[in-house]
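Undergrad: what's the 3D shape of this:
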Amino acid sequence: MTPPRLTSSRQPLRLLQDRVATGFITAGGVGVLLAILAIGVFLIWETLPLLAIGESLALAKLSPLAWGTLKAALAALLFAIPVALGAAIYSALFMSARLRARIKPALEMMEAIPGVVVGFIAGLILAPWVERHLASALVLIIWLPLSAGLAGLLWQLVKARLRRRLPPLSWAGLWLIPWLALMVAIALWLAPWMEQLWLGGDLRQLLDQRFGMDYATRNALIVGLAMGFAVIPSIYSLAEDALADVPSTLIEGAQALGASRWQALWKVALAAAGPGIFSAVMIGAGRAVGETMIVLMASGNTALFSASPFEGMRSMAAAIAIELPEASPGGQTYHLLIFAALVLFIFTFLVNTLAEVVRQRLRRRYRQMGGTS
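TA: Model prediction:
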């Protein structure tokens, strides 16, 4: 059925509207590019006076901040990447379409939670609880992934006749929730007993006396858990899209040649979606490096050179938020903070550009394979 034609009197008006809309869109895009360029030029111009101070002095003052930034980002990614990629693999390749249509938007909406809210909860609720129950927190971090693997092992050991009576694997994400809740209860019950029996009743005192590790209430462990929670939606959404866009003919062809479902997943699906997964991780890393409020409220803001996860740190973004309002314009501290902002700007710009280039190559690869994206 052909659409109705516009009358000759309405055609010029419609053409004018299209041109006006196109002009606004073009102006908006050019304006964004010019704004980014202006920000970069401003940051470079304001850091030029550092040449008179000396490069070695600037690096000496920024080194603890750079280390704290990398430490916080690494802690967040160590927590976020396994959880986000595991969720993306399951929802894209195993979850039923009906359940996926409900779960994926809910997980993506987590990205709308403000960082200040996550930092507030981490600093006032999570940090004191972990300080009082350090052994329980460490046991949970280790035991929960093992218990998920144990659930998969038990599923494989169940006889096929009994397995057919259980909910299908595509709904495993729901019936796994009570299992994990049970494992959490067991870990919280056993952890104090294990701490009393094996560690003398006080893990924090043992770490201080034997390893010289001082425990701070707000530390890298708290930052990793809180900021990892904030980064998970970004990594999950992009990685899930990359895996879901893998042409089904590739996986079906691998299974037709004798590969099992898991072999098709690891050898075909992940290999094909590898650039998209890399892009997701890079964007998550850029978010973690540039995060301000979570690090500000959950890290203790101590500029230390320490690899211990139980000590605090100060990131460059947090230092800018704290010190820039009090720095006198034109002073040494002011220019150092502007230089830190320039480093963050360049890093996030390069990471996001690399992620977008990789994602565009992935789309071209899917088109060549006969994908729909």
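Undergrad: mind jotting down where the strands sit in the stretch 201-350 of the chain?
TA: Ranges of strands in the stretch 201-350 of the chain, per DSSP state E, counting those that start in this stretch: none exist.
Undergrad: so P128 makes contact with R218?
TA: No. If you go by CB atoms under 8 Å, P128 and R218 don't touch, sitting 9.6 Å apart. (Each C-beta comes from the backbone N, C-alpha and C, glycine too.)
Undergrad: of the two, who's got more company?
TA: Taking other CB atoms under 10 Å, P128 and R218 do not tie; R218 has more neighbours (26 against 13).
Undergrad: hmm, the more buried one is touching L296, no?
TA: No. Look at R218 against L296 with CB under 8 Å: they stay out of range, at 10.1 Å.
Undergrad: now for these two: what residues contact both?
TA: Shared contacts of R218 and L296 (CB atoms under 8 Å, 6 or more residues apart in numbering): none.
Undergrad: which parts of the stretch 1-150 of the chain are strands?
TA: Going by DSSP E, counting those that start in this stretch, the stretch 1-150 of the chain shows no strands.
Undergrad: and the pLDDT at the nearest residue to A319 once chain neighbours are set aside?
TA: Excluding its sequence neighbours, the residue lying closest to A319 (CB to CB, 6 or more residues apart in numbering) is L65, at 5.2 Å. The model reports L65 with a pLDDT of 90.
Undergrad: which residues touch L65?
TA: Shown in contact with L65 (CB under 8 Å, 6+ apart): 303, 314-316, 319, 340.
Undergrad: give me the pLDDT for the most centrally placed residue in the chain.
TA: In the chain, the C-alpha nearest the mean C-alpha coordinate belongs to V231, at 2.6 Å (CA atoms, centre = their mean). On the pLDDT scale, V231 is placed at 94.
Undergrad: right, and it touches A288 too?
TA: Yes. Under the criterion of CB under 8 Å, V231 makes contact with A288 at 5.3 Å.
Undergrad: common neighbours of these two, please.
TA: In contact with both V231 and A288: 76-77, 80, using CB under 8 Å, 6+ apart.
Undergrad: okay, those in TSV with neighbour count, pLDDT and distance to A38 next?
TA: Converted to TSV, the shared contacts of V231 and A288 look like this (neighbours: other CB atoms under 10 Å; pLDDT from 0 to 100; distance: CB to CB, whole Å):
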residue	neighbour count	pLDDT	distance to A38
A76	29	95	30
L77	22	95	31
A80	27	95	32
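Undergrad: filter those down to just the ones in helices.
TA: Within the shared contacts of V231 and A288, residues falling in helices by DSSP state H are 76-77, 80.
Undergrad: now stretch 124-137: mean pLDDT?
TA: Rounded mean pLDDT across stretch 124-137 is 93.
Undergrad: now do the same end-to-end measure for that stretch.
TA: End-to-end distance for stretch 124-137, by CA to CA, to the nearest Å: 16 Å.
Undergrad: list the buried ones in it?
TA: 126-127, 130-131, 133-137 (16 or more other CB atoms under 10 Å).
Undergrad: could I get the shared contacts of V231 and A288 as JSON lines with distance to L150?
TA: Listed next are the shared contacts of V231 and A288 as JSON lines, based on distance: CB to CB, whole Å:
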{"residue": "A76", "distance to L150": "26"}
{"residue": "L77", "distance to L150": "25"}
{"residue": "A80", "distance to L150": "23"}
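Undergrad: hmm, back to that, which of the contacts of L65 tops the neighbour count?
TA: That'd be S315 among the contacts of L65, by other CB under 10 Å, with 33 neighbours.
Undergrad: surely it is in contact with W67?
TA: No. In this structure, S315 is not within contact of W67 by CB under 8 Å, at 9.3 Å.
Undergrad: and the gap between M109 and A92?
TA: 18 Å (CB to CB, to the nearest Å).
Undergrad: what's the answer for D202, then?
TA: The value you get for D202 to A92, if CB to CB is used, is 45 Å.
Undergrad: those two: which is more packed in?
TA: Neighbours were counted for D202 and for A92 using other CB under 10 Å; A92 has more, 21 against 14.
Undergrad: what's the nearest residue to the more buried one if we skip its chain neighbours?
TA: L243 is the one closest to A92 (CB to CB, 6+ apart), at 3.7 Å.
Undergrad: that neighbour against L93, yeah?
TA: Yes. Assessed by CB under 8 Å, L243 is found in contact with L93 at 6.2 Å.
Undergrad: these two: who's more crowded?
TA: More crowded of L243 and L93, by other CB under 10 Å: L243, with 23 against 20.
Undergrad: need the buried residues of stretch 124-137 in JSON lines (columns: distance to G40).
TA: Listed next are these as JSON lines, based on distance: CB to CB, whole Å:
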{"residue": "L126", "distance to G40": "36"}
{"residue": "A127", "distance to G40": "36"}
{"residue": "V130", "distance to G40": "40"}
{"residue": "E131", "distance to G40": "42"}
{"residue": "H133", "distance to G40": "46"}
{"residue": "L134", "distance to G40": "44"}
{"residue": "A135", "distance to G40": "48"}
{"residue": "S136", "distance to G40": "47"}
{"residue": "A137", "distance to G40": "42"}
